[in-house]
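*Asks:* Give the three-dimensional model of this entry:
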Amino acid sequence: MATLRILIAEDNRAVREGLREFLEAQPEWQVVGEAVNGMEAVEKARELQPEVVILDYSMPQLDGISAAARIRQASPQTELLVLTQHDAPYTARRALDAGVRGYVVKSDADRDLLAAVEAVSRHKVFVSSSIAQDVSLERGRSSNA
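*Replies:* Numbering: from 1, shown residues only. Model (predicted):
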């Protein structure tokens, strides 16, 4: 099985380092790069062509959703997962509508992050268990509008 190559884009150093350690504990997963802001995430995704980019929603210079749109153009085969403190269903819906395949609330990361990375790497949608039902309801409202 090939190594799953992951890029982490997170402005908080402690969170970034913890993520790296957590992800690299998985067999055949490798963090190939880190970015501290949205612009750097776009540049590194273009350069490294990872299979998965984990993006913080709130980053300097370019937020995670705006960075996701640019990464989607620069590296169309790369799957995107937002890891955030924002648990509002409309925020998750905005991310999914922008082409992000996964959305994990940081408070659910210990339970959901590994499954989310696995799902998005297989081109499947994943939403944090704590908000998944509300996001589905939000989708129904926006399609009825």
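
*Asks:* From Asp63, how far off is Tyr57?
*Replies:* 7 Å (C-beta to C-beta, to the nearest Å). All C-beta atoms are positioned from the backbone trio N, CA, C, and that covers glycine.

*Asks:* higher neighbour count, those two?
*Replies:* Tyr57 (22 against 16; other C-beta atoms under 10 Å).

*Asks:* Ignoring the adjacent residues along the chain, who's closest to that one?
*Replies:* Thr84 (3.6 Å; C-beta to C-beta, 6 or more residues apart in numbering).

*Asks:* Straight-line length of stretch 99-112, end to end?
*Replies:* Distance across stretch 99-112, first residue to last, is 20 Å (C-alpha to C-alpha, to the nearest Å).

*Asks:* quick one: the residue nearest to Tyr57 and Asp56 touch, right?
*Replies:* Yes: between Thr84 and Asp56 a contact is recorded at 6.4 Å, counting by C-beta atoms under 8 Å.

*Asks:* thinking again about what came up before, how about the contacts made by the residue nearest to Tyr57?
*Replies:* Counting by C-beta atoms under 8 Å, 6 or more residues apart in numbering, Thr84 touches Asp56, Tyr57, Ser58, Gly64, Thr91, Tyr103, Val104, Val105, Lys106.

*Asks:* Cool, thanks, signing off.
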